[in-house]
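A.B. asks: Fold the following and give me the result.
(chains A and B)
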Number of protein chains: 2
Amino acid sequence: MSAVPSLRHLLLLRPRLRFIALSTSSSPFLSYAPSHHFSPSSLRVLSSSSSPTLTQEEADEAVGKGSSLIDVNPPRGTRDFPPDDMRLRNWLFQNFREVSRILSFEEVDFPVLELEALFIRKAGEEITQQLYNFEDKGGRRVVLRPEITPSLARLVIKQGKSVSLPLKWFTIGQCWRYERMTRGRRREHYQWNMDIFGVSKVRGEAELIQAIVLLFERLGINSSDVGIRVSSRKVLQAVLQMYAIPDNLFTQVCVIVDKLGKITREEIEKELLSLGVSIQAVNGIIEVLSLKSLSKLEEVLGSEEEAVSELKKLFSLAESYGYADWICFDASVVRGLAYYTGIVFEAFDREGKLRAICGGGRYDRLLSTFGSEDIPACGFGFGDAVIVELLKDKGLLPDLAHRVDDIVFPLDEVLDGTASRIASSLRKKGRSVDLVEDKRLKWVFKHAERIGASRLILVGNSEWERGAVRVKNLSTREEFEVKIDELV
Amino acid sequence: MSAVPSLRHLLLLRPRLRFIALSTSSSPFLSYAPSHHFSPSSLRVLSSSSSPTLTQEEADEAVGKGSSLIDVNPPRGTRDFPPDDMRLRNWLFQNFREVSRILSFEEVDFPVLELEALFIRKAGEEITQQLYNFEDKGGRRVVLRPEITPSLARLVIKQGKSVSLPLKWFTIGQCWRYERMTRGRRREHYQWNMDIFGVSKVRGEAELIQAIVLLFERLGINSSDVGIRVSSRKVLQAVLQMYAIPDNLFTQVCVIVDKLGKITREEIEKELLSLGVSIQAVNGIIEVLSLKSLSKLEEVLGSEEEAVSELKKLFSLAESYGYADWICFDASVVRGLAYYTGIVFEAFDREGKLRAICGGGRYDRLLSTFGSEDIPACGFGFGDAVIVELLKDKGLLPDLAHRVDDIVFPLDEVLDGTASRIASSLRKKGRSVDLVEDKRLKWVFKHAERIGASRLILVGNSEWERGAVRVKNLSTREEFEVKIDELV
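C.D. replies: This next block holds a predicted model:
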């Protein structure tokens, strides 16, 4: 027999223990209440509002001789994924992957840490002003990537030799930003990206939007819950040309104009004027951006305008794909990334309660900003945060409990070898098996219910003498004696 | 028709272009050779040994006016995952996940960025001397985690309230270390971790080792390729007691002794002596660590010793599980992490060509170092690097080509709506569909072969007039005309 105290011993013999620890962060703090043993009920999380009045010394003293409790929270603005949250994330990512497979995209990935140079752009984008950047020990400027498209472009350039166009890649990865923590916004999120390189036609955008719609449909969301606003940066480009505004201001104008609705019109005006845009042009821009009808846009810009013909083509393709009811023209959509050059789009909840669910567009000139030859490209990023809020609101979160096939439970310690043999044999058949020891039978039944086990296999002395075990089918409540060799 | 130039135009009309760029890293550099268009054959990767002699000015001039090519490599010591590498990684991770499911473990995850305090230990471990650490903009000391166990322990403490013991968690995540780049070692790898909290018996270790063995078996590796060396830190503990060496030196002695075989015996001796360990004790330690037989160990330490009884129990359970041929006792296994307290193990290739494939052990006292109540625990980490080397050596890497069900190809641009409708309808049935445009039929056939498409669906004018398409079964080479509505 093992000389190590058994778990039961450990639980029963543990001395009375009391320690209460103050977390250093603002989140609810953990309180270990007086208890005879470590058990779920002996631990309570107290909300800040119901904090008992404890001095720091009491807390320090409570956690024991000298060693005070570490901060049990992950860095501010970041998340842990305990099992429930992880199952939800896996389920969401599995849907991202399945839609990407259906669209025949291949998965790629990149380091979460990149050289800062990849993200340094001077257009005033929010994303480049909130870089989670550092200097490493070798004196290199590095950054936890704020987005994935530049890495994607980097790999396309690097792969040069072996790339066959068009190239359709997707990735799911964590992105970071360092901003002041307001309104509960986080400093990291996961993002699903789909990108096409080598397709200059709006077919590219049409495929991307189908992927987004297929994803929504798989999640149980329909076009009365969510819409996709579509416009084109070429609308703004045409307006700038009307007012003879130099091309080199285009990107900065886009980044400023994207803030419409987030900051006041006065502030937008001020920023545009300081760029050298005339007040007439400012008014012209804002007027065009208020358009919500494609025919109106055609009236203003003329049907020969690329912005108009491309958007009309996209809406015509949307009819063919069968997702026309999901999309609408809205000239105010500009998107905040500097590198978009053509069609841009974003999905939104029709109740207007949430931020954009995803966003994307065409970026035909990104590669030349990296010193390489341009390849026409488009893509989108779809975060893991807003979609989960929406699913929660709509009651669409799936039931994702931990599931196990069998529980194997030896009723006597001397049978632990037999229990091992049985568990091992079932596992080799691909069944998920939880081998439980040193618990009361009552606990085992409760546990079986909690993990939705389909069978409980009891290894007892009298059955074992007959080379058998008792098998309880937990859905039908039937019980059988089964020969160990015949267990499947 | 779209006013944007088609891809074909783009490819055919592109002017002669030549640029050659020198990468700033030591890796092979990319050379864009003279070419009429951007195509796979026009790009070559030259190895450093065959570098043409190019001055930096030539390179700068070659990449165009002013904008020089960025470094196309990810940060030194990190990897991109282009599609082939990503498929391999996904396949490996899928096996990790499947084995974890079979053992009834639940998946969890943590931020890759953690507070540095979680990893500051003063035992002289290599892992804490190579922290990839920074100061963030808020003045916090943060770190790209070098391992996952401390995050796991942090979450166990944080979850307190809701934790039901035993708790069986697994995770797959990226870990980082900052060391001088020698011998091609990387600065990041992915690691599969399985951990059990709340089981004090060697059942915990026995379960973990079964998981490792099941993983090897799934990958096609057998016990003549790979073995698992097992020992216990309690062996060292017993030897230290024999020589009356104070308990508080235990961890440091373990960390030093783990370097046996990596640095010279003289250096080990020197380090132990400077810790205050007598030369007699040093000799005694090194003698016991050379033991490869459990009965010999029993002779030296006595059968009452915990180290002996636990190891004997583990080997007896291994017989029951059916993996005894995989494991062997080897007292020299100590493992380099400070927090192990009991059984330790590592998997190795029997040819002795590679580093340890995975390693783990019992760490019953980690939680108290974080100021919380201890819970008995054990776990292992299994990296993604050595296993892939081994699979490569053994010819066990799977064939993981990109696979697509259908290619839809409109033979005329006016049929792009019909092609969209067909692709959309097949995708809604869950088929993966690549919609190809603006290519020659010859390219499409080659492409179909490359992606292993099972069907090619040609959308042509004459068939379309009959409401039909031509479907070519690419495995049987048969061709049929199928009504669009009847396509499944």
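
A.B. asks: Pull the contacting residues for the closest residue to A:Ser372 other than its chain neighbours.
C.D. replies: Distances taken as Cβ to Cβ, 6 or more residues apart in numbering or on different chains place A:Ile157 nearest to A:Ser372, at 4.5 Å, with adjacent residues excluded. Using the backbone N, CA and C atoms, a C-beta is placed for each residue, glycine as well. Taking Cβ atoms under 8 Å, 6 or more residues apart in numbering or on different chains, we find A:Ile157 in contact with A:367, A:370, A:372, B:30, B:69-70, B:72.

A.B. asks: Using pLDDT, spot the least trustworthy of those.
C.D. replies: Confidence by pLDDT is poorest for B:Leu30 among the contacts of A:Ile157, given 28.

A.B. asks: Check the secondary structure at A:Val230 for me.
C.D. replies: The three-state assignment at A:Val230 reads strand, by DSSP: H, G, I helix; E, B strand; the rest coil.

A.B. asks: What residues does it make contact with?
C.D. replies: Neighbouring residues of A:Val230 by Cβ under 8 Å, 6+ apart: A:209, A:311, A:314-315, A:327-330, A:333, A:343-345.

A.B. asks: and what of A:Cys175?
C.D. replies: A:144-148, A:188-191.

A.B. asks: buried set for stretch A:85-99?
C.D. replies: A:86-89, A:92, A:95-97, A:99 (16 or more other Cβ atoms under 10 Å in any protein chain shown).

A.B. asks: next one: stretch A:253-266
C.D. replies: Judged by neighbour count using 16+ other Cβ under 10 Å, the buried positions of stretch A:253-266 are A:253-260.

A.B. asks: Could you dump these into a markdown table with distance to A:Glu413, secondary structure and pLDDT added?
C.D. replies: As requested, these are exported to a markdown table (distance: Cβ to Cβ, whole Å; DSSP: H, G, I helix; E, B strand; the rest coil; pLDDT from 0 to 100):
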| residue | distance to A:Glu413 | secondary structure | pLDDT |
| --- | --- | --- | --- |
| A:Val253 | 76 | helix | 95 |
| A:Cys254 | 71 | helix | 95 |
| A:Val255 | 69 | helix | 94 |
| A:Ile256 | 73 | helix | 95 |
| A:Val257 | 73 | helix | 93 |
| A:Asp258 | 67 | coil | 94 |
| A:Lys259 | 68 | coil | 93 |
| A:Leu260 | 71 | strand | 89 |
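
A.B. asks: Pick the one among the residues you listed closest to chain B.
C.D. replies: Nearest to chain B among the buried residues of stretch A:253-266 is A:Cys254, at 18.7 Å by Cβ to the nearest Cβ.

A.B. asks: correct me, but the closest one touches A:Val235?
C.D. replies: No: taking contacts as Cβ atoms under 8 Å, A:Cys254 lies outside contact range of A:Val235: 10.5 Å.

A.B. asks: Give me the local confidence score for A:Arg138.
C.D. replies: I think there's a mix-up here, since residue A:138 is Gly and not Arg. 85.

A.B. asks: residue contacts, it?
C.D. replies: A:Gly138 touches B:Arg76, counting by Cβ under 8 Å, 6+ apart.

A.B. asks: Over to A:Cys378?
C.D. replies: A:195-196, A:199, A:204-205, A:208, A:342-343, A:360-363.

A.B. asks: and with 7 Å instead?
C.D. replies: By Cβ atoms under 7 Å, 6 or more residues apart in numbering or on different chains, the contact list for A:Cys378 reads A:196, A:204-205, A:208, A:360-363.

A.B. asks: Go ahead and confirm A:Gly198 touches A:Leu165.
C.D. replies: Yes: under the criterion of Cβ atoms under 7 Å, A:Gly198 makes contact with A:Leu165 at 3.0 Å.

A.B. asks: Surely A:Val99 and A:Leu215 touch.
C.D. replies: Yes: contact criterion Cβ under 7 Å: A:Val99 and A:Leu215 qualify, at 4.7 Å.

A.B. asks: about what we covered before: out of the contacts of A:Val230, who has the most neighbours?
C.D. replies: A:Val344 (29 neighbours; other Cβ atoms under 10 Å in any protein chain shown).

A.B. asks: Which residues does that one form beta bridges with?
C.D. replies: A:Ser231, A:Gly361 (DSSP bridges).

A.B. asks: what about it, distance to chain B?
C.D. replies: 15 Å (Cβ to the nearest Cβ, to the nearest Å).

A.B. asks: List of residues touching stretch A:74-94?
C.D. replies: Taking Cβ under 7 Å, 6+ apart as the rule, stretch A:74-94 contacts A:25, A:172, A:181, A:186-188, A:384, A:388, A:397-398, A:400, A:402, B:106-111, B:113-115, B:142, B:155, B:159.

A.B. asks: now do 6 Å
C.D. replies: A:172, A:181, A:186-188, A:400, B:106-111, B:113, B:115, B:155 (Cβ atoms under 6 Å, 6 or more residues apart in numbering or on different chains).

A.B. asks: Stretch A:320-340 too?
C.D. replies: Taking Cβ under 6 Å, 6+ apart as the rule, stretch A:320-340 contacts A:121, A:123, A:125-126, A:210, A:213, A:223, A:227-231, A:233, A:235, A:251, A:254-255, A:257-258, A:288-289, A:291-292, A:294, A:318, A:344, A:346, A:359, A:361, A:363, A:366, B:417, B:420-421, B:424.
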